[in-house]
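Colleague: the sequence and its predicted three-dimensional model are supplied below.
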Amino acid sequence: TMSNTSASSLLLLLLCATLAATALAGRSFQVKVEPKSEDCFYKDLIFGETVEFNWSVLDGGLLDVDVRIFQGQVKIFSKLYFEGRDEGRHSFVVNTPTTYGFCLNNEMSRFTVKTVSFSIETKGGKRKDSKTEGDNELGPLQSSLNRIKGGLHTIEQEQSYYRVREHVHRNTAESTNTRVYAWSMLETVILILMTAGQVLYLRRLFSEDSRMGSRV
């Protein structure tokens, strides 16, 4: 009974740790990149880690941003991204353990602020001083937790993707509604001016006809 209780407690503890790690790993952030500026975020990566950098432009201009990744001071990736045209994702395996920079560049814009959502996810990799005895002891339990973590990570990615798409589509719909409203108001003003001009023209025409009739 004691062994079963200890195993259940260990399982619950590992499951909670897995859920917490998954939530932190899949966490996405939003940042407003000012025109003529670049925002960078840095992360220490270890050898063998698989890194997945996801981004999406939510608002601003043509929904474009220049994405750059630096390994130390060396640029290893650069892409001018347009929302809806390109895939906002880049993955790579760390061969050199160092500090990596993930940059969002808006220097091409003079006045427009870009709202960008991004996430940096890592998995795998081993530190030189890491020990694997614990993993060997856990066996099937660790494998089950890894599968749960992978499934939760996939769900988190899908939810994040649909949240971003919903935000972009809502902004597009609101922008379209604003333009339709503005054009409708402009058409209304033009119709009022044309109506007033026609009334004035007809009154003037009839006034001139009445004057000519009185002279005759």
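Modeller: Arrived safely. This structure is a prediction, so every number in the text was calculated from the model and none was measured.
Colleague: looks to me like Glu187 is in a strand.
Modeller: No: Glu187: not assigned to a strand; according to DSSP: H, G, I helix; E, B strand; the rest coil it is helix.
Colleague: please tell me how far it sits from Tyr201.
Modeller: Going from Glu187 to Tyr201 by Cβ to Cβ, to the nearest Å gives 21 Å. The way it works is simple: take the backbone N, C-alpha and C, and place the C-beta from them, glycine included.
Colleague: what of Gln157?
Modeller: Using Cβ to Cβ, we find Gln157 at a distance of 65 Å from Tyr201.
Colleague: tell me which of the two has more neighbours.
Modeller: Counted by other Cβ atoms under 10 Å, Gln157 and Tyr201 do not tie: Gln157 has more neighbours, with 17 against 10.
Colleague: SS state for that one?
Modeller: Following three-state DSSP, the label given to Gln157 is helix.
Colleague: test for you: state the pLDDT assigned to it.
Modeller: Gln157 carries a pLDDT value of 71.
Colleague: with Thr188 instead?
Modeller: At Thr188, the model reports a pLDDT of 93.
Colleague: spatially nearest residue to Ser28 (excluding sequence neighbours)?
Modeller: Nearest non-adjacent residue to Ser28, counting by Cβ to Cβ, 6 or more residues apart in numbering: Ser119, 4.1 Å away.
Colleague: again with Leu62
Modeller: Excluding the flanking residues, the one nearest Leu62 by Cβ to Cβ, 6+ apart is Phe82, at 6.6 Å.
Colleague: report pLDDT for the one you found.
Modeller: 90.
Colleague: how about Lys75?
Modeller: Looking at Lys75, its pLDDT is 94.
Colleague: so what touches the helix or strand it falls within?
Modeller: In this assignment (DSSP states H and E), Lys75 forms part of strand 74-82. Contact with strand 74-82 is made by 55, 57, 62-70, 86, 88, 90, 92, 108, as judged by Cβ atoms under 8 Å, 6 or more residues apart in numbering.
Colleague: can you say which of these are buried?
Modeller: In terms of neighbour count (16 or more other Cβ atoms under 10 Å), the buried residues within the contacts of strand 74-82 are 55, 57, 63-70, 88, 90, 92.
Colleague: inside strands: which ones of those?
Modeller: Under the assignment DSSP state E, the buried ones among the contacts of strand 74-82 contribute Trp55, Val57, Asp64, Val65, Asp66, Val67, Arg68, Ile69, Phe70, His90, Phe92 to strands.
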